[in-house]
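Novice: Here is a sequence together with a model predicted from it:
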Amino acid sequence: MNQTCGTGIRLLVFLSITVVAQSAVALGQIKRLEAASTRPFAVACVVDDVPLVHTSLILPTLTAADMPLEQQVSSTLRNLADRLASAGTSAEHVVRVNVSIRNQELASEVLAELDRQWPMPRMLRPCISPVISRTPDPDALLGIDVIAVQPSRAEKLPLETNSQSKVQRNQDWSVLPEGARLYVSGQAESSAQLAQATLSTLEGLERTLESLGRSSEDIVQLKAFVMPMADVGVVQSKVQEFFDGTHPPLVAVEWKSGQTTPIEIELVAWGGPANPNAPIVEHLWVPWLTKSPVYCRVARINRGRTVYTGGIQAERLQAASVSDPAELAEYEVNSIFQQLKKIMESADSNMNHLVKATYFVSTESASQKLNELRPRIYDPLHPPAASKAMVLGMPVQQSGLSIDMIAAPASN
């Protein structure tokens, strides 16, 4: 597939995707999509409507501040195994892993070590979305959070009672029950004080859920984009205060933002029982928040399967020698969305069934070009919910943009 960018760069997309494995998982299956290349993790995973575990950020157990990377990865994976076991699942059922890497210089080493130590063979691996971000422990070189099928619960509950299930959660993991799924775009309330901004933003998110007939009890996971990470304890404290009890798992990612917007928070929530009479995907806005043609405020999967992609970056950075940052950024945006379209086709989905985008940008040119081109890419009635975060860097040097996506197949 060839496409020429407006600035004259020849865009070459060679992504060829195949189904490499299907894993029987109690009442459903995980279908893993892999590129015809040597990529160590899946390009995307498609999972049936079964309970899904979402974890908080998992860090290595550090025995020394200078603990080597190999040992930090191994400790993180042991802690992941313990977390999954406590939630009634295991590594073979993971569909996506998000990786926070302390700095760009470590990215290739961290990803190579995860490839070497991941407990499952490549044909049974999840997709992976890395980001450059410090973690709440300044000595940790990495942190991970995952989404995994919970087969033990699916085996215990008959189908006729699953529609009445509620969110099961603690601060380490929670379970998104089968049925409708809500993906709420990042919201932010202005305040120079991180504590006040956090509480106000949580109140705004609760209002959004209540407008859809749901409540904070339905929240499965919070993801907070925080500045600076050194102050994440303030966020953790205010989340605990807001929920006044067991709060949902919290994942923090460091971003760069203005002084009056120190935090943005997005969330995943249960939307109630599956609705066979509604469209598979609905893109929704709320009247008191700005309406945009390039992202909706809430996307809802009403029934059926879910598609998770890994982090998508521009393929074959032929444009790396181009001196014009805007030209390079246009190349990146076009390359990424061409790949995304091919992944969606392979997952029996399309661009109108995207539900949640996370855009990680590390350069102003990438951010501006993404804003410029998205109106040409999305149908304004069907854009995904989204968060865009300016981060410390990209896993691949010379890159300024990475996207991961959640979607639903077009027929469910």
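Specialist: It's in.
Novice: Quick one: low-confidence residue ranges for this structure.
Specialist: Confidence mapping of the chain against pLDDT under 70 gives the ranges 1-28, 36-38, 152-165, 316-323.
Novice: mind listing the helices for it?
Specialist: Taking DSSP state H, the helices of the chain run over residues 69-86, 107-117, 151-156, 159-162, 194-211, 232-243, 325-346, 364-377.
Novice: Roughly how far does Ile265 sit from Asp145?
Specialist: Using C-beta to C-beta, to the nearest Å, we find Ile265 at a distance of 15 Å from Asp145. (Each C-beta comes from the backbone N, C-alpha and C, glycine too.)
Novice: ignore the last one, Ala81
Specialist: From Ala81 to Asp145 the distance is 14 Å (C-beta to C-beta).
Novice: Who has more neighbours out of those two?
Specialist: Legend: neighbour count by other C-beta atoms under 10 Å for Ala81 and Asp145, higher for Asp145 (25 against 14).
Novice: Contact partners for the more buried one?
Specialist: Taking C-beta atoms under 8 Å, 6 or more residues apart in numbering as the contact definition, Asp145 lies against 54-58, 97-98, 249, 251.
Novice: can you do 6 Å?
Specialist: Shown in contact with Asp145 (C-beta atoms under 6 Å, 6 or more residues apart in numbering): 55, 57, 98, 251.
Novice: I'd say the third one and Ser129 touch.
Specialist: Read it as Asn98. Yes - here Asn98 reaches Ser129: they are 5.0 Å apart, a contact under C-beta atoms under 6 Å.
Novice: before we move on, the earlier item: looking at the contacts of Asp145, which one is closest to Met123?
Specialist: Asn98 (21.2 Å; C-beta to C-beta).
Novice: hmm, back to that, give me whichever of the helices of the chain is most buried.
Specialist: Mean neighbours per residue, mean count of other C-beta atoms under 10 Å, is largest over the helices of the chain for helix 325-346, with a mean of 22.
Novice: Now that one - C-alpha only, CSV.
Specialist: Extracted in CSV, the C-alpha atoms of helix 325-346 (Å, rounded to 0.1, in the frame of the first residue of the first chain):
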residue,chain,number,x,y,z
PRO,A,325,9.8,18.9,11.5
ALA,A,326,6.3,19.4,10.1
GLU,A,327,7.1,17.2,7.1
LEU,A,328,8.4,14.4,9.4
ALA,A,329,5.3,14.8,11.7
GLU,A,330,3.0,14.5,8.7
TYR,A,331,4.8,11.3,7.6
GLU,A,332,4.4,9.9,11.1
VAL,A,333,0.7,10.7,11.4
ASN,A,334,-0.1,9.2,7.9
SER,A,335,2.0,6.1,8.6
ILE,A,336,0.3,5.4,11.9
PHE,A,337,-3.2,5.8,10.7
GLN,A,338,-2.6,3.6,7.6
GLN,A,339,-1.4,0.9,10.0
LEU,A,340,-4.4,1.4,12.2
LYS,A,341,-6.8,1.0,9.3
LYS,A,342,-5.1,-2.3,8.3
ILE,A,343,-5.3,-3.5,11.9
MET,A,344,-9.0,-2.7,12.1
GLU,A,345,-9.7,-4.5,8.8
SER,A,346,-7.9,-7.6,10.2
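Novice: Phi, psi for Ala274 please.
Specialist: phi -60, psi 140 (degrees, to the nearest 10).
Novice: Pull up the gap between Ala386 and Asn371, please.
Specialist: For Ala386, the distance to Asn371 - C-beta to C-beta - is 11 Å.
Novice: Is there a neighbour count for Asp66? I'd like the number.
Specialist: Neighbours around Asp66, by other C-beta under 10 Å: 6.
Novice: which residues sit in contact with Leu84?
Specialist: Contacts of Leu84 (C-beta under 6 Å, 6+ apart): Ser90.
Novice: out of the contacts of Asp145, who's nearest Ala274?
Specialist: Nearest member of the contacts of Asp145 to Ala274, counting by C-beta to C-beta, is Thr55, at 24.0 Å.
Novice: ok, that closest one touching Val146?
Specialist: Yes - Thr55 is within contact range of Val146, at 5.4 Å (criterion: C-beta under 6 Å).
Novice: Output the helices of the chain as JSON lines; include the columns distance to Val184.
Specialist: Below are the helices of the chain laid out as JSON lines (distance: least, C-beta to C-beta, whole Å):
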{"stretch": "helix 69-86", "distance to Val184": "24"}
{"stretch": "helix 107-117", "distance to Val184": "29"}
{"stretch": "helix 151-156", "distance to Val184": "24"}
{"stretch": "helix 159-162", "distance to Val184": "23"}
{"stretch": "helix 194-211", "distance to Val184": "6"}
{"stretch": "helix 232-243", "distance to Val184": "15"}
{"stretch": "helix 325-346", "distance to Val184": "21"}
{"stretch": "helix 364-377", "distance to Val184": "19"}
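Novice: Leu284: which of the ones you listed is closest?
Specialist: Each of the helices of the chain has some distance to Leu284 by C-beta to C-beta; the shortest is helix 194-211, at 9.0 Å.
Novice: Which neighbouring elements make contact with the closest one?
Specialist: strand 181-187, helix 232-243, strand 263-270 (3 or more C-beta pairs under 6 Å, 6 or more residues apart in numbering; DSSP states H and E).
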